[in-house]
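Asker: the following block contains a protein sequence and its predicted model.
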Amino acid sequence: MEYKIKDFQLYDKGEQDLDWAETRMNVLRLIKSEFEKEKPLKNLKIAACLHVTKETGVLVQVLKAGGAQVYLAGSNPLSTQDHVAAALVKRGINVFAWRGETEEEYYWCLEKILEISPDITMDDGADLTVLAHKQNIKVIGGTEETTTGVIRLKSMEAQNVLRYPIISVNDAYTKYLFDNRYGTGQSTLDGIIRATSVLLAGKTIVISGYGWVGKGLALRAKGMGANVIITEVDPIKALEAVMEGYRVMKLEDAAEEGDIFITATGDINVIRKEHMLRMKDGAILANTGHFNVEISLPDLKSISISERKVREYVTEYTLINGKKLYLLAEGRLVNLVCAEGHPSDVMDLSFSLQALSVKYLKEKGNEMKVKVHKVPYEIDRQVALLKLKTMNIEIDTLTEEQMNYLKSWELGT
């Protein structure tokens, strides 16, 4: 069995975390029971580039239970939970990931999991998918977990360079309405609090981006007593934020008011030196987008006269104007670097979509058009129904009369 991790002896704590996560991921447990009986993924080779967390650990074990051979690499150099990686190796998963990888080591890990010539790729950010294309690996299909990755893959599709079908798990209702909003909303603030122990009540928090992640962040920050400012480039989203009661302004104006700045855009160089120089002394900078490009690190370094590590994931920068700014997690995903990522309960939805999407690709991937596809609605609906079932919640069903009414056009006022 092949693997490369930080320390295999960490497996005991990892197994405890895996067992805990599984108790919170009841839909995946139901799918695992089905997979163990039916083996729908028998002989399937899967290369997965995902954050190596306890929740991902539950997912890859479900895939293995379905008969798949799984090779796993981390999708961020700082997000791997080393004890979980060790426990997964003990449970028969080929893992190539450790916290603190260099860029060269990160891509070495991706290359290692592609050596199996996978039938399916599972990605979070599209790095694995892009590398598979560069290496001309023949793949049945793939899945993509996050907004940033979907943007890259749709760009590949538009430029006619995408060579195998992708299911965008990120675009499923049971993903973005819950994972992006409730998961990221909670875990981002969790990461900031763990890293800094800062009090949120009374602070002014500036959130750049009012997509589903920004919405969830704003709601939770407001609930914890913060004053929330939204910055946006989309007039519709900006108007929505205003109607929700938040202040909306340009980032250059918000820079002077914010105590904590959080980027959630998926774009590059959102916070730049012209913003940093206007910030308060002691302002905190955090990113919850996939890549560490939203806060311009070259700009921050160019206007600093010194930098030093003041807490485990907090770097203090002294600017040329004498003010100090505090960057969290090196500008990477604050919720995964400084905390544990999303709660297991919400990842139950996203990773159930992943498991069922892989099964769908195994069955129909060769018939699918080469493009970025949405998760089939029947899978999306199935995951929602299963989640409600595990929560002991029942909902109404349409009567035959109601169904006929909704199909008819003759009846009016």
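Answerer: Nice, thanks for sending it over.

Asker: for the rest of this, base every contact and every neighbour count on C-alpha atoms.
Answerer: OK.

Asker: any weak-confidence spans in this structure?
Answerer: For the chain, applying pLDDT under 70 flags no range at all.

Asker: what's the longest helix in this structure?
Answerer: Criterion DSSP state H: the longest helix present in the chain is helix 344-364.

Asker: neighbours around residue 321, how many?
Answerer: Number of residues near residue 321 (other CA atoms under 10 Å) recorded here: 12.

Asker: cool, and the one 3 residues further on?
Answerer: Neighbourhood size, residue 324 [other CA under 10 Å]: 22.

Asker: residue contacts, it?
Answerer: 281-283, 316-318 (CA atoms under 8 Å, 6 or more residues apart in numbering).

Asker: again, 7 Å this time
Answerer: Residue 324 sits next to 281-282, 316-318 when contact means CA atoms under 7 Å, 6 or more residues apart in numbering.

Asker: got the residue ranges for the helices in the stretch 1-150 of the chain?
Answerer: 11-24, 26-38, 54-65, 82-90, 103-114, 127-134, 147-158 (DSSP state H, counting those that start in this stretch).

Asker: can you add mean neighbour count and distance to residue 242 and give these back as CSV?
Answerer: Formatted as CSV, the helices of the stretch 1-150 of the chain follow (neighbours: other CA atoms under 10 Å; distance: least, CA to CA, whole Å):
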stretch, mean neighbour count, distance to residue 242
helix 11-24, 18, 36
helix 26-38, 18, 37
helix 54-65, 25, 35
helix 82-90, 25, 42
helix 103-114, 18, 40
helix 127-134, 19, 36
helix 147-158, 18, 24
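
Asker: need these in JSON lines (columns: distance to residue 226).
Answerer: Output for the helices of the stretch 1-150 of the chain, formatted as JSON lines (distance: least, CA to CA, whole Å):
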{"stretch": "helix 11-24", "distance to residue 226": "30"}
{"stretch": "helix 26-38", "distance to residue 226": "34"}
{"stretch": "helix 54-65", "distance to residue 226": "30"}
{"stretch": "helix 82-90", "distance to residue 226": "34"}
{"stretch": "helix 103-114", "distance to residue 226": "36"}
{"stretch": "helix 127-134", "distance to residue 226": "36"}
{"stretch": "helix 147-158", "distance to residue 226": "27"}
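
Asker: got the domain boundaries for the chain?
Answerer: Using automatic domain parsing, the domain parsing of the chain gives 8-175+342-390, 182-337.

Asker: which residue packs closest to residue 238, ignoring adjacent ones?
Answerer: In space, and not counting its chain neighbours, residue 238 is closest to residue 232: 5.7 Å by CA to CA, 6 or more residues apart in numbering.

Asker: now which of the contacts of residue 324 would you call buried?
Answerer: 281, 316-318 (16 or more other CA atoms under 10 Å).

Asker: residue 99: which of those residues is nearest?
Answerer: residue 316 (21.7 Å; CA to CA).

Asker: quick one: the closest one is in a helix?
Answerer: No: read with DSSP: H, G, I helix; E, B strand; the rest coil, residue 316 is strand and lies in no helix.

Asker: residue ranges for the strands of the stretch 101-250 of the chain, please.
Answerer: According to DSSP state E, counting those that start in this stretch, the stretch 101-250 of the chain carries its strands in the segments 120-123, 141-144, 166-168, 204-208, 227-231, 247-248.

Asker: and those strands: which comes nearest residue 195?
Answerer: Between the strands of the stretch 101-250 of the chain, strand 204-208 lies closest to residue 195; by CA to CA that is 16.0 Å.

Asker: returning to what we had before: okay if I get the buried ones among the contacts of residue 324 as JSON lines plus distance to residue 410?
Answerer: As requested, these are exported to JSON lines (distance: CA to CA, whole Å):
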{"residue": "281", "distance to residue 410": "67"}
{"residue": "316", "distance to residue 410": "69"}
{"residue": "317", "distance to residue 410": "69"}
{"residue": "318", "distance to residue 410": "71"}
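
Asker: for residue 233, the count of nearby residues, please.
Answerer: Residue 233 has 12 nearby residues by other CA under 10 Å.

Asker: how far away is it from residue 105?
Answerer: To residue 105, residue 233 is 36 Å away according to CA to CA, to the nearest Å.

Asker: what does residue 86 give?
Answerer: For residue 86, the distance to residue 105 - CA to CA - is 18 Å.

Asker: over to residue 202?
Answerer: For residue 202 relative to residue 105 (CA to CA), the value is 42 Å.

Asker: tell me which residues touch residue 77, please.
Answerer: Applying CA under 7 Å, 6+ apart, the residues contacting residue 77 are 99-102, 106.

Asker: ok, and the closest non-adjacent residue to it?
Answerer: residue 101 (4.8 Å).

Asker: sorry, back to before: of the buried ones among the contacts of residue 324, closest to residue 245?
Answerer: Closest to residue 245, out of all of those and judged by CA to CA, is residue 281, at 27.3 Å.

Asker: if we ignore the residues flanking it in sequence, what's nearest that closest one?
Answerer: residue 323 (4.7 Å).

Asker: repeat for residue 242
Answerer: Going by CA to CA, 6+ apart, residue 242 has residue 248 as its nearest residue, at 6.4 Å.

Asker: that concludes my questions; thank you for your assistance.
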